[in-house]
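In: show me the folded form of this:
(2 chains)
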Number of protein chains: 2
Amino acid sequence: MEHEKLYPGQEALLYSHKIVQLSKALWKTVEKDWQNWIKPFDLNINEHHILWISHALGGASISEIAKYGVMHVSTAFNFSKKLEDRGLLTFSKKETDKRNTYVQLTPEGESLLLETIQAFRPEENGVFRASLPLQELYGKFPELTDISAIVRRLYGDSFMDIFAETSKMITEEADRRPQDPVIDSIKKA
Amino acid sequence: MEHEKLYPGQEALLYSHKIVQLSKALWKTVEKDWQNWIKPFDLNINEHHILWISHALGGASISEIAKYGVMHVSTAFNFSKKLEDRGLLTFSKKETDKRNTYVQLTPEGESLLLETIQAFRPEENGVFRASLPLQELYGKFPELTDISAIVRRLYGDSFMDIFAETSKMITEEADRRPQDPVIDSIKKA
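Out: From the prediction side, this is the model:
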């Protein structure tokens, strides 16, 4: 592409066009992978995201779930209600904050979330498999620094900090159950 | 993150988790930007994508639209029908291929697509604005090579080649109308 010939507005449109195609294609596969992963647990991706965020934050407000889960407040509320009906979380008000509704996982909710983590099979994940050639080249999975910088700019530092929290469950799970046969089978995969 | 302590299965899950959060967040903003851009033309993003792909391929089959637009075949068909109702494209069969349905933009369809291209305002695009600090750092917009490699692996070479075709309209538009006041205003933005 001869970028010298382009106007700044066109360069912007070409870049924007690239982001549109790539992010749509990537998200559609990520979404399908995610759906396949949690289907055996009778959860959709919004419900799974709500369980995960509630766990990570040790209870979360509906607006926090909407923000960190990148979903509408009404979506966050409606699917939280469905999870409450299944006994996976409870709604409450905080003494210090009567305006917001908080959700908290029940032991059943925590247990189901843990089961989904243990059931993750990298070899069945399309994006993971498509990333393996890069992992072989670099010796590690791509850091995705450009995309991270763009998302940080769009959603703020706190959105990125949630990674650390939501990732904890994955690392803690290893410390807790090093001999787990399911984790072992993933290890060997 | 202490990667040394992690099992391969966990590293896969941590990476997958990162991709989920980033691609969901990115796509939701891209989608909103796209909707805002084409709202004045009474088009949704699927309809706009269909116009664009049909133009780029000089007529396209429904399955090509579904593939390159990353949408279900039924979505591609139903929105193409709506565009036909508005006189923006026509359905036909090819002499050499009686099985597939092809769509072809009408002059009205071509003209509307061109109008949308001219109406693109980078300064109103969230992802574009969020990418500007990277553009200042690098002297150009990020190449997104990792994501491109992953998407190429997932969707094949032909999916990536469509970039060249769909990008042509943007560059050709500049050659054709260098003094266009709308393009000039984008240039100055």
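
In: CA atoms for contacts and neighbours, from now on please.
Out: OK.

In: tell me which element A:Gln101 is part of?
Out: Not quite, residue A:101 is Thr, not Gln. Here A:Thr101 is covered by strand A:97-105, with elements defined by DSSP states H and E.

In: just how off-centre is that strand within its chain?
Out: Here strand A:97-105 shows a centroid-to-chain-centroid distance of 22 Å under the convention C-alpha atoms, centre = their mean, to the nearest Å.

In: contacts for it next, please.
Out: Residues from elsewhere that reach strand A:97-105 (C-alpha atoms under 8 Å, 6 or more residues apart in numbering or on different chains): A:51, A:54-55, A:58-62, A:80, A:88-94.

In: now tell me which of these the prediction trusts least.
Out: Per-residue confidence across the contacts of strand A:97-105 is lowest for A:Lys94, with 77 (pLDDT).

In: just give me the closest of the contacts of strand A:97-105 to B:Trp37.
Out: Distance to B:Trp37 across the contacts of strand A:97-105 (C-alpha to C-alpha) is lowest for A:Ile62, with 29.5 Å.

In: check the contact between that closest one and A:Ala76; I expect there is one.
Out: Yes: the pair A:Ile62 and A:Ala76 passes the contact test of C-alpha atoms under 8 Å, sitting 6.2 Å apart.

In: give me the low-pLDDT residue ranges for chain A?
Out: Within chain A, the stretches falling below the threshold (pLDDT under 70) are A:1-8, A:173-189.

In: what about the helices in it?
Out: Along chain A, the stretches classed as helices by DSSP state H are A:8-38, A:45-57, A:62-68, A:73-85, A:107-118, A:126-138, A:145-155, A:157-176, A:181-188.

In: contact partners for the residue nearest the centre of chain A?
Out: In chain A, the C-alpha nearest the mean C-alpha coordinate belongs to A:His49, at 6.2 Å (C-alpha atoms, centre = their mean). Each residue near A:His49 by C-alpha under 8 Å, 6+ apart is listed here: A:Gly69.

In: gap between it and A:Thr75?
Out: Here the distance between A:His49 and A:Thr75 works out to 11 Å (C-alpha to C-alpha, to the nearest Å).

In: repeat for A:Leu112
Out: Distance from A:Leu112 to A:Thr75, counting by C-alpha to C-alpha: 21 Å.

In: I'd like the helices of chain A laid out as JSON lines, including distance to B:Asp42.
Out: Supplementary listing: the helices of chain A in JSON lines, determined by distance: least, C-alpha to C-alpha, whole Å:
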{"stretch": "helix A:8-38", "distance to B:Asp42": "19"}
{"stretch": "helix A:45-57", "distance to B:Asp42": "29"}
{"stretch": "helix A:62-68", "distance to B:Asp42": "28"}
{"stretch": "helix A:73-85", "distance to B:Asp42": "26"}
{"stretch": "helix A:107-118", "distance to B:Asp42": "42"}
{"stretch": "helix A:126-138", "distance to B:Asp42": "34"}
{"stretch": "helix A:145-155", "distance to B:Asp42": "27"}
{"stretch": "helix A:157-176", "distance to B:Asp42": "33"}
{"stretch": "helix A:181-188", "distance to B:Asp42": "49"}
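
In: residues contacting A:Ala130?
Out: Taking C-alpha under 8 Å, 6+ apart as the contact definition, A:Ala130 lies against B:150-151, B:153-154.

In: what residues are up against A:Lys168?
Out: Contact partners of A:Lys168, counting by C-alpha under 8 Å, 6+ apart, are A:Ala56.

In: quick one, what contacts A:Ser92?
Out: When contacts are counted by C-alpha under 8 Å, 6+ apart, A:Ser92 touches A:101-104.

In: buried subset of those?
Out: A:102-104 (16 or more other C-alpha atoms under 10 Å in any protein chain shown).

In: ok, so of those residues, who is nearest A:Gly139?
Out: Checking the buried ones among the contacts of A:Ser92 one by one against A:Gly139 (C-alpha to C-alpha), the nearest turns out to be A:Gln104, at 39.1 Å.

In: enumerate every residue touching A:Leu22.
Out: When the contact criterion is C-alpha under 8 Å, 6+ apart, the partners of A:Leu22 are B:147-148, B:151.

In: among the residues you listed, which are within reach of chain A?
Out: Restricting those to those touching chain A (C-alpha under 8 Å from any C-alpha of the partner chain) yields B:147-148, B:151.

In: of the residues you listed, which is the most crowded?
Out: Highest neighbour count within those, by other C-alpha atoms under 10 Å in any protein chain shown: B:Val151, with 24 neighbours.

In: shouldn't that one be in contact with A:Leu26?
Out: Yes: at 6.3 Å, B:Val151 and A:Leu26 qualify as touching, with contact defined as C-alpha under 8 Å.

In: so which pair among the contacts of A:Ala130 is furthest apart in space?
Out: Across the contacts of A:Ala130, the two members that end up farthest from each other (C-alpha to C-alpha) are B:Ile150 and B:Leu154, 6.2 Å apart.

In: which one's more surrounded, the two?
Out: Set side by side, B:Ile150 and B:Leu154 show unequal neighbour counts under other C-alpha under 10 Å, the larger going to B:Ile150 at 23 against 18.

In: what number of residues lie near A:Ile162?
Out: Using other C-alpha under 10 Å, the number of residues around A:Ile162 comes to 16.

In: so it is in contact with A:Ile65, correct?
Out: No: shown here, A:Ile162 and A:Ile65 do not form a contact pair, counting by C-alpha under 8 Å, at 11.0 Å.
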